[in-house]
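**Student:** predicted structure and sequence below. I'll ask about it afterward.
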Amino acid sequence: MGDNNQKMKRSRTAPSRSGSQKRVLDKGGHIQQAGKIKPLKKRRSTRRMIKNRRTTSRNPVKSAPLIPEQFMRNHLKPEVQESVTHDPLVSVIIPAMNEEALIARIIREAERIHPSTEVIVVVNGSTDQTEARAIAAGARIITYSEALGHDVGRQIGAEAARGQVLLFIDGDMLIPAQDLKPFVSAVLSGIDIALNDYNGPVRKVPVHPVVEAKHALNTMLGRSDLKGASMTAVPHAISRAAFEMLREGGLQIPPLAQAMAIKQGLLVKAVHRVPVGRLNPLRRKDRRNQDLLTGVVLSDHEEAVRWLTLHQGSRGGFTDLHRARHLVRAR
């Protein structure tokens, strides 16, 4: 009997972190600490993690402070607690400047794309209520006082995104969720870059120079099948792996990113048509009645061609067949 009591007494004593201090279980199974024991670091990191999750939650709820004994009674380990937090599968990135009229509706459509979706709004150069309305709609907000431009805003949003699929749309264009889902589905099925299957008004005479540039670049890249599909246009989606490969070149020059992606062997495909030409608002023009954005987009395509000739030769990877032009130049 005495031996059994000794065994029971030993079973109620748990080894401590130091040899001289002990943690003892009372009759109710609760921990009774003998001596001064420093709190476990893992518990502090768990509390910090949960605190952070509250601050980023869409609907923050006040809760009682976590008590270590409660964790022990419920057998909750830090590893189990960390597994509760999951990164979203889809990140929708929206650059926005003075888009208070549409931003909340655009966010709502974005949230309907997939059950595991985060929406990131890069508010830049806004002087209206864009930021406040985006916050009220539940989006993550990145704010800049100066105007960044759509492409830089996309790069910044992508850097902050946590999803495996990055979908890019604009804050001035309301696109229904059913027209956004095909881009996400395409990337989830294995496509690296899913483009808008929109070629622009090719039958209009004269053809717009931006439309010509898109078709010409795809032909130079050996992808005439893409026609006018381009990363310059939204919506388009890319995989996390594709973004990591293109991070050095950056998304701030979309035609360059497209050229790098194709030449590095990424799977690029036009997957769904959204007629953004009709959805785009009227652009501000200069004194010569020219769209101010046209020059920027054409310059971006020049950057892509420059990169292509730098890495693929002066003919962009195309042969000169049997022409011995070097003989003429030598003379």
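**Tutor:** Great, that's in hand.
**Student:** under the pLDDT cut-off, which ranges of the stretch 101-250 of the chain? List them.
**Tutor:** Along the stretch 101-250 of the chain, no part satisfies pLDDT under 70.
**Student:** so which residues of it form helices?
**Tutor:** 103-111, 130-136, 150-160, 181-188, 209-220, 240-246 (DSSP state H, counting those that start in this stretch).
**Student:** just the buried residues of the second one, please?
**Tutor:** Translated: helix 130-136. 130-131, 133-135 (16 or more other CB atoms under 10 Å). (Glycine included, C-beta is placed from N, CA and C.)
**Student:** got it, and the first one?
**Tutor:** Of the residues in helix 103-111, those buried under the neighbour-count criterion (16+ other CB under 10 Å) are 103-104, 106-107, 109-111.
**Student:** hmm, which two among the residues you listed are most spread apart?
**Tutor:** Greatest spatial distance in those: Ile103 and Glu111, 12.7 Å, computed using CB to CB.
**Student:** from the buried residues of helix 103-111, pick the one nearest Val274.
**Tutor:** Glu109 (12.3 Å).
**Student:** if I look at that closest one, how far off is Val211?
**Tutor:** Counting by CB to CB, to the nearest Å, the gap from Glu109 to Val211 is 27 Å.
**Student:** try Arg154
**Tutor:** Per CB to CB, Arg154 is found 21 Å from Val211.
**Student:** more neighbours: the two, which one.
**Tutor:** Arg154 (27 against 19; other CB atoms under 10 Å).
**Student:** would you agree that one is in contact with Phe168?
**Tutor:** Yes. Shown here, Arg154 and Phe168 form a contact pair, counting by CB atoms under 8 Å, at 5.2 Å.
**Student:** quick one: residues contacting the closest residue to Val92 other than its chain neighbours.
**Tutor:** Setting aside the residues directly before and after it, Val92 is nearest to Ala110 in space (CB to CB, 6 or more residues apart in numbering), at 4.1 Å. Taking CB atoms under 8 Å, 6 or more residues apart in numbering as the criterion, Ala110 is in contact with 92, 94, 117, 119, 167, 169, 177, 180.
**Student:** report the two of those residues separated the most.
**Tutor:** Once CB to CB is applied, these give Ile94 and Ala177 as the farthest pair, at 13.7 Å.
**Student:** ok, which of the helices of the stretch 101-250 of the chain comes nearest Gln258?
**Tutor:** Smallest distance to Gln258 across these (CB to CB): 7.4 Å, for helix 209-220.
**Student:** could I get the buried residue list for that closest one?
**Tutor:** Quick answer for helix 209-220 (16+ other CB under 10 Å): 209-215, 217-218, 220.
**Student:** same check on stretch 149-162?
**Tutor:** Using 16+ other CB under 10 Å as the test for burial, stretch 149-162 gives 150-158, 161.
**Student:** now stretch 294-312
**Tutor:** Result for stretch 294-312 [16+ other CB under 10 Å]: buried residues 294, 297, 300-301, 304-305, 307-308, 312.
**Student:** contacting residues around the residue nearest to Val152 when sequence neighbours are not counted?
**Tutor:** In space, Val152 comes closest to Gln252 once its chain neighbours are excluded; the distance is 4.9 Å by CB to CB, 6+ apart. For Gln252, the contact set (CB under 8 Å, 6+ apart) comprises 149, 151-152, 154-155.
**Student:** what is the nearest of those to Asn98?
**Tutor:** Gly149 (13.6 Å).
**Student:** any idea how far the closest one is from Gly125?
**Tutor:** Applying CB to CB, the value for Gly149 to Gly125 is 9 Å.
**Student:** before we move on, what about Val119?
**Tutor:** Using CB to CB, Val119 is found at 20 Å from Gly125.
**Student:** surely Met97 meets Gly171?
**Tutor:** Yes. Counting by CB under 8 Å, Gly171 is a contact partner of Met97 at 7.1 Å.
**Student:** residues shared between the contacts of the two?
**Tutor:** Common neighbours of Met97 and Gly171, using CB under 8 Å, 6+ apart, are Thr130.
**Student:** of those two, who's got more company?
**Tutor:** Higher neighbour count among Met97 and Gly171: Gly171, with 26 against 21, using other CB under 10 Å.
**Student:** find the nearest non-adjacent residue to that one, please.
**Tutor:** Leaving aside its sequence neighbours, Gly171 sits nearest to Ala96 (CB to CB, 6+ apart; 3.0 Å).
**Student:** wait, the one you found touches Ile120, no?
**Tutor:** No. With contacts counted by CB under 8 Å, Ala96 stays clear of Ile120, the gap being 10.4 Å.
**Student:** tabulate the buried residues of stretch 294-312 (TSV), appending pLDDT and distance to Gln258.
**Tutor:** As requested, these are exported to TSV (pLDDT from 0 to 100; distance: CB to CB, whole Å):
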residue	pLDDT	distance to Gln258
Thr294	90	18
Val297	94	12
Asp300	96	10
His301	97	10
Ala304	96	7
Val305	95	12
Trp307	95	11
Leu308	94	11
Gln312	83	14
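**Student:** ok so, going back, could the contacts of Ala110 go into a markdown table alongside distance to His272?
**Tutor:** Putting the contacts of Ala110 into a markdown table (distance: CB to CB, whole Å) gives the following:
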| residue | distance to His272 |
| --- | --- |
| Val92 | 16 |
| Ile94 | 18 |
| Thr117 | 18 |
| Val119 | 20 |
| Leu167 | 12 |
| Ile169 | 13 |
| Ala177 | 13 |
| Leu180 | 9 |
